[in-house]
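J.: fold the following and give me the result.
(2 chains)
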Amino acid sequence: MVEFLQFTLSGAVFGMVYAAIALSLVLIWRGTRLLNYAQGGMAMFTTYVAIEVIYRTGSYWAGFAVALAAGIVLGAICERGVVRLTTGKPPLNAVIVTIGLLILLEGLAGILYGGQYRSFPAAFSIIGLRVGHTPIGVSRFDVFVAVAVLVTTLAFAAVFKYTAAGLRLRATAFNPTIARLSGIRVARVLTVGWALAGLLGALAGVLVSPSTFLYPNSMDTIFVYGFTAAVIGGLDSPAGAVVGGLLLGIVLSYVGGYLGTQGPDLTALVALGILVVVLMIRPDGLFAGARLRRV
Amino acid sequence: MIVSTLPRRLAVVIVVAVIVAFLSIKLNAFRDYQIAEVAYEVTAVAGLTVLTGLSGQISLGHGAFMAIGGYATALILLHLNWPFIVALLIAAAVTAAAGAVVGVAAARLRGPYLAGATLMLGVALPAVAYAYPATFGGDQGLNVVFTTPAFLGANFPLTRWQAWVGAAVALVTLLLLANLCYSRVGRNWRAVRDDDVAAALDGINVALARIRAFVVSATCAGIAGSLLAVITALVAPGAYTLTLSIALLTAAVIGGLGSLPGALWGSLLIILVPTYASDVATSHGLSSSVGSNIPVAAYGVILILVMLAFPQGIQGGLRRLVALFAGPMNRENEPVATPEHSEKEGSS
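T.: Prediction:
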């Protein structure tokens, strides 16, 4: 029973990281109908920026803030400088362009920072918390991870719901043509969407790197699971992204915990299993709305 | 450029075969190895370009089918010691079956959902090798013994034989694929891609057409995996990573989606550019971490630039070039614009 609680809680923490990546994908998908395969690479790059700042200044929080800012800037640059140019071309071109961006970012990280594994500091203690004498499977830092993602998600939800900028983002996601006719500068809104996605990715990178180490490919696996979480939840649904992330994180934690030595090797297979089961029942994800198909 | 009848296709295949044979004798062992690499790459990319370009289904997990083909070949050669050609055919049959299973699931999914499912397949399946090391050799993988046949003499270089076998298998596969694409099967794929409802009203079994495309495509990937196994003399999970699956899709799109010559251009680019770039980097005496990563960064830049400069891929660019020079003279050869499904109207 204690074990079950431990696996659930630690899985939920990883799930929150997947949720952050999934949310960033959903943000971009809703705005541009494009899956950003460079999301993991962008997160990896901003985490390297964070580690540099932390080494130079000695302050974790300075690195944390700079990483988030770098995420915003990098997201905006990628949209304005590269992805924007694929507008009006076949959709797969944009996919390959984001894959090219991913490869470029991984190459740049290797050139600038080298390929070796680097440890990344955690903001708080990573020693497991205890209730009475029983360890509950999560540390102070894990609590921070969950809270940070949760607060950011809620803040985003509030911005989307209650601010004029949020309304513009939603209008653009709903229908870019009508949004433009209503006087919204759609191009600018798309850049803002990418910037916000960059921020979420940067947050995920900083939060997950203490447990994965940092190297040019370090975010690949996290990206795959974040993508899977977004697909499980339904790419149009921010709530689905969070639910998908939590579901995936918790189930994979059980697999890793209960299946013994084979567990870690089978997590990807189990993730595939969850994905297939969900998609066979709901082909557009758990939180898909009714879909209009034109003949 | 459009080869439309069997004799013309056969002629092209023979010309390419002669060129490959000539190059393999003229060039050194490393270049022979690269010919073999291009051969397996183009086999897999051709299958994928048919799947995505003609039937409209994306796959980010074709590396998984290559893994199935590779491990099937390795296990047959290791335990049964049958000739390679038999192992190749059995590997193709096994991946065809796997493709049918995946295809049934894939026929229900579209766009990013199919991309997500196949991506996870590409990540998950090779991990099975880690989970069952007794059968699949775990991290180390399985060794594959592949030698030159006795009649070529003892001094015949192995890499040249590998290049020959690879090129022969690739060319036969491409010839069969080309015939299939221009048959009723291929027409049905295009109909389903362009409008599945209209295709269904025309009496085409949409689900069956989609599944069939997946089977054909997976079979090509399985054959490619089988070639990869004998070319590298090893099957290990490290060879069938996400990077491989993504490189296959990249080659298909860069070359020109749905075009078999395009599959060749894309494969050449994917195989040759990284080697060329690292040659340049090492010859300029760059430090190892910089030198080994400049090709990676350059590769990323090239992907972006080609996609922006040639929206229809390299083959599309060539077609436009040909049309530019030959355009006024023969109008019927004008390039037919492939339909572009933009899910949203231009948004900036």
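J.: just the element for the residue of the stretch 151-295 of chain A found nearest chain B, please.
T.: For the stretch 151-295 of chain A, the nearest residue to chain B under the criterion Cβ to the nearest Cβ is residue A:231, separated by 3.5 Å. C-beta coordinates here come from the backbone N, C-alpha and C atoms, glycine included. Here residue A:231 sits within helix A:220-233, counting by DSSP states H and E.
J.: in that helix, what counts as buried?
T.: By neighbour count on 16 or more other Cβ atoms under 10 Å in any protein chain shown, the buried set for helix A:220-233 is A:220-233.
J.: convert that helix to CSV, retaining C-alpha atoms only.
T.: What follows is helix A:220-233, C-alpha atoms only, in CSV (Å, rounded to 0.1, in the frame of the first residue of the first chain):
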residue,chain,number,x,y,z
ASP,A,220,14.2,13.3,-26.7
THR,A,221,12.5,10.8,-24.4
ILE,A,222,10.6,13.4,-22.4
PHE,A,223,9.4,14.9,-25.7
VAL,A,224,8.2,11.5,-26.9
TYR,A,225,6.2,10.9,-23.7
GLY,A,226,4.9,14.5,-23.8
PHE,A,227,3.8,14.0,-27.3
THR,A,228,2.1,10.8,-26.4
ALA,A,229,0.4,12.5,-23.5
ALA,A,230,-0.9,15.2,-25.8
VAL,A,231,-2.2,12.6,-28.3
ILE,A,232,-3.9,10.6,-25.5
GLY,A,233,-5.6,13.8,-24.2
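J.: starting from that helix, tell me the next helix or strand along the chain.
T.: Once the chain leaves helix A:220-233, the next helix or strand it forms, by DSSP H and E, is helix A:238-258.
J.: any idea of the mean pLDDT in that next one?
T.: Per-residue pLDDT over helix A:238-258 has a mean of 89.
J.: low-confidence ranges in the chain?
T.: Answering for chain A, as no chain was given. The model of chain A has pLDDT under 70 over residues A:262-263, A:289-295.
J.: ah, I was thinking of chain B
T.: Along chain B, segments meeting pLDDT under 70 span B:1-4, B:285-289, B:327-348.
J.: that one: strands as residue ranges?
T.: B:142-143, B:234-235 (DSSP state E).
J.: and chain A, by the same measure?
T.: A:128-131, A:134-139.
J.: sheet-wise, list the partners of the shortest one with their directions.
T.: Right, strand A:128-131. strand A:134-139 (antiparallel) (DSSP bridges).
J.: tell me which parts of the stretch 151-300 of chain B are close to chain A?
T.: B:195, B:197-198, B:242, B:246, B:249-250, B:253-254, B:257, B:289-290, B:292-300 (Cβ under 8 Å from any Cβ of the partner chain).
J.: what subset of those is buried?
T.: By 16+ other Cβ under 10 Å, these give B:242, B:246, B:249-250, B:253-254, B:257, B:292-300 as buried.
J.: please work out which of the strands of chain B is packed deepest.
T.: Sort those by mean neighbour count, taking mean count of other Cβ atoms under 10 Å in any protein chain shown, and strand B:234-235 sits at the top with a mean of 25.
J.: packing partners for that one?
T.: Packing partners of strand B:234-235 (3 or more Cβ pairs under 8 Å, 6 or more residues apart in numbering or on different chains; DSSP states H and E): helix B:62-75, strand B:142-143.
J.: and the contacts of that strand?
T.: B:67, B:70, B:71, B:73, B:74, B:137, B:141, B:142, B:143, B:144, B:228, B:229 (Cβ atoms under 8 Å, 6 or more residues apart in numbering or on different chains).
J.: which of the residues you listed are buried?
T.: Buried residues within the contacts of strand B:234-235, counting neighbours by 16+ other Cβ under 10 Å: B:67, B:70, B:71, B:73, B:74, B:137, B:141, B:142, B:144, B:228, B:229.
J.: I'd say the second one and residue B:238 touch.
T.: It stands for residue B:70. No. In terms of Cβ atoms under 8 Å, residue B:70 does not count as a neighbour of residue B:238; the distance is 11.8 Å.
J.: please enumerate the helices of the chain.
T.: This is for chain A. Remark: helices assigned in chain A by DSSP state H are A:2-32, A:39-57, A:60-77, A:91-113, A:140-162, A:164-174, A:176-181, A:186-212, A:220-233, A:238-258, A:263-281.
J.: I was after chain B.
T.: Going by DSSP H, chain B shows helices at B:6-26, B:29-49, B:62-75, B:84-106, B:111-131, B:133-136, B:158-181, B:184-194, B:196-201, B:206-232, B:242-255, B:260-283, B:288-309, B:313-326.
J.: determine the set of other helices and strands touching the fifth one.
T.: Translated: helix B:111-131. Counting by 3+ Cβ pairs under 8 Å, 6+ apart, helix B:111-131 packs on helix A:220-233, helix A:263-281, helix B:62-75, helix B:84-106, helix B:242-255.
J.: of those helices, flag the one that's most buried.
T.: Stretch with highest mean neighbour count among the helices and strands packed on helix B:111-131: helix B:62-75 (a mean of 30; mean count of other Cβ under 10 Å).
J.: now do that helix: which elements does it pack against?
T.: Using 3+ Cβ pairs under 8 Å, 6+ apart, the elements in contact with helix B:62-75 are helix B:29-49, helix B:84-106, helix B:111-131, strand B:142-143, helix B:206-232, strand B:234-235, helix B:242-255.
J.: how many degrees apart are the third one and helix A:2-32 in direction?
T.: So that's helix B:111-131. 140 degrees (axes from the mean of the first three to the mean of the last three Cα atoms, to 10 degrees).
J.: show me how far helix B:111-131 is from its chain's centre.
T.: The chain centroid and the centroid of helix B:111-131 are separated by 18 Å under Cα atoms, centre = their mean, to the nearest Å.
J.: quick revisit: pretty sure the residue of the stretch 151-295 of chain A closest to chain B contacts residue A:275?
T.: Yes. Between residue A:231 and residue A:275 there is a contact under Cβ under 8 Å: 6.5 Å.
J.: anything in contact with each of these two?
T.: B:116, B:117.
J.: list of residues touching stretch A:233-248?
T.: Contacts of stretch A:233-248 (Cβ under 8 Å, 6+ apart): A:12, A:15-23, A:25-27, A:29-30, A:35, A:153, A:156-157, A:160, A:225-226, A:228-232, A:271, A:274, A:282, A:284-289, B:112-113.
J.: same check on stretch B:78-97?
T.: The contact list for stretch B:78-97 (Cβ under 8 Å, 6+ apart) reads B:65, B:68-70, B:72-73, B:76-77, B:142-146, B:165, B:169, B:215, B:218-219, B:221-223, B:225-227, B:230.
J.: what residues does the stretch 1-150 of chain A put near chain B?
T.: Residues of the stretch 1-150 of chain A that fall close to chain B, judged by Cβ under 8 Å from any Cβ: A:29, A:32-33, A:35, A:37, A:82, A:84-93, A:95-97, A:99-111, A:114-115.
J.: picking up where we left off before, most neighbours per residue, which of the strands of chain A?
T.: By mean count of other Cβ under 10 Å, these have strand A:134-139 as the most buried, with a mean of 18.
J.: between that one and helix A:238-258, how big is the angle?
T.: Using the same axes, to 10 degrees, the inter-axis angle of strand A:134-139 relative to helix A:238-258 is 130 degrees.
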